[in-house]
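Trainee: Sequence and predicted structure below; questions after.
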Amino acid sequence: MPWWPVHPDHIGSLLGGLMLELQPPTRHDWTVQDKVYGKLSMEPFEAGFALTVGIAYRRALLSAIHGAAPTWVKIENVLHEFSHLPGVMEDTLDIMMNLRKVVFTLHVNRPKILRLRAQGGSVVKASDFETDADIEVLTPDVVLATLDKDGVLEMEVCVERGRGYVSAEKREPEALPINAILLDADFSPVKRVNFHVEPVTEGRERLVLEVWTDGSVSPATAVGEASRILEDHFDLLMDFPEISPQEEAAERDDVRPRTELNENLFRNVDELELSVRASNCLKTANIRTIADLVQKSEAELLKTKNFGKKSLNEIKTILGEMSLSLGMRLDPEELERLRSQYERAYEA
């Protein structure tokens, strides 16, 4: 059989055809980009991959981007959401709904309390909040309430960072002020995401992604954060080092945190300065020591008869003062080791 020499310029194309490597997209372009809307195109994708990537981006953008939202409000002379303030046209529920329309940018990673006081025949707007460098009101024209000449509105609002949608029923702040009302919090700055796939050439596709935000985060920033979130999820599966079962067990032992000696674990719950109701509930649940108590979750305690959130907050406060918390996982062997260590220290 005759042998035909191959020209060097053709070697690359031949190898590329043999390896059949998947070609990732190499170009992107923001065809529209402003503060609240962006349109991004990425290409070329191999057939089917544009749809896969579009679905992943849409999911991450709608559920995982961090933002700021009001989480509770305290209105002077209002005891609950069904109260009505004299001289104020709106009901308390209307004011709460109006608060949720306000868009905030929080520049710190801690909750921020905003205060507002208005009186006498005026329209109260979001711009009336007293702000500083830590927080910005992006929708100052949102109307919160309308006052007549004798009306007075004084309130405090807590703005926090978070992600997704968290209903008031699922929130349980540690130190909620008296008469404060929890709000449903929509933290997501991304309001809408669309995408579609267009053919480019034979076997190649273009992904067109549209993103709408509330202005607290730009579409480009939101897409960048979504990319990092997706990358973090796939990083775990980038490499599978081969380790022996013995090495894996040793690694788990090294990572597992050891419980520090806390002598309070071995005290009887009767020694705690609890209310009569909370103390009786713990006896009903057969919880004798603080070690028994800290291994219970909040949900487990709330299932105990006559045990409510007031008793729960009371117990959480007392445990916090001891550097303990509910939901701790105490290994029985580790607990016995601590007990022996405590008894030896006590005898010494």
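Mentor: Arrived safely.

Trainee: what's the weakest-modelled helix or strand in the protein?
Mentor: Sorting the helices and strands of the chain by mean pLDDT, DSSP states H and E puts helix 8-19 at the bottom, at a mean of 48.

Trainee: wait, isn't Ala118 in contact with Leu147?
Mentor: Yes - between Ala118 and Leu147 there is a contact at 6.4 Å, judged by CB atoms under 8 Å. The way it works is simple: take the backbone N, C-alpha and C, and place the C-beta from them, glycine included.

Trainee: okay, and the common contacts of the two?
Mentor: Overlap between the contact sets of Ala118 and Leu147, as judged by CB atoms under 8 Å, 6 or more residues apart in numbering, is given by Val124, Leu153.

Trainee: how about the strands of the protein, start to end?
Mentor: Here the chain has its strands, by DSSP state E, at 27-33, 37-46, 66-75, 104-106, 112-119, 123-125, 135-137, 143-146, 152-163, 165-166, 181-182, 185-186, 190-199, 204-213.

Trainee: Throw those into CSV and include mean pLDDT and mean neighbour count, thanks.
Mentor: Shown next, in CSV, are those (pLDDT from 0 to 100; neighbours: other CB atoms under 10 Å):
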stretch, mean pLDDT, mean neighbour count
strand 27-33, 93, 11
strand 37-46, 94, 18
strand 66-75, 93, 22
strand 104-106, 93, 20
strand 112-119, 93, 16
strand 123-125, 94, 18
strand 135-137, 94, 17
strand 143-146, 94, 20
strand 152-163, 92, 19
strand 165-166, 89, 16
strand 181-182, 91, 20
strand 185-186, 92, 20
strand 190-199, 95, 15
strand 204-213, 95, 21
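
Trainee: Ok, which of the ones you listed comes nearest His233?
Mentor: With CB to CB, the closest approach to His233 among these belongs to strand 152-163: 14.7 Å.

Trainee: Give the partner strands of that closest one in its sheet and their orientations.
Mentor: Based on DSSP bridges, the pairing partners of strand 152-163 within the sheet are strand 66-75 (antiparallel), strand 112-119 (antiparallel).

Trainee: Check the offset of the shortest one from the chain's centre.
Mentor: So the one you mean is strand 112-119. Centroid separation between strand 112-119 and its chain, computed with CA atoms, centre = their mean, to the nearest Å, is 25 Å.
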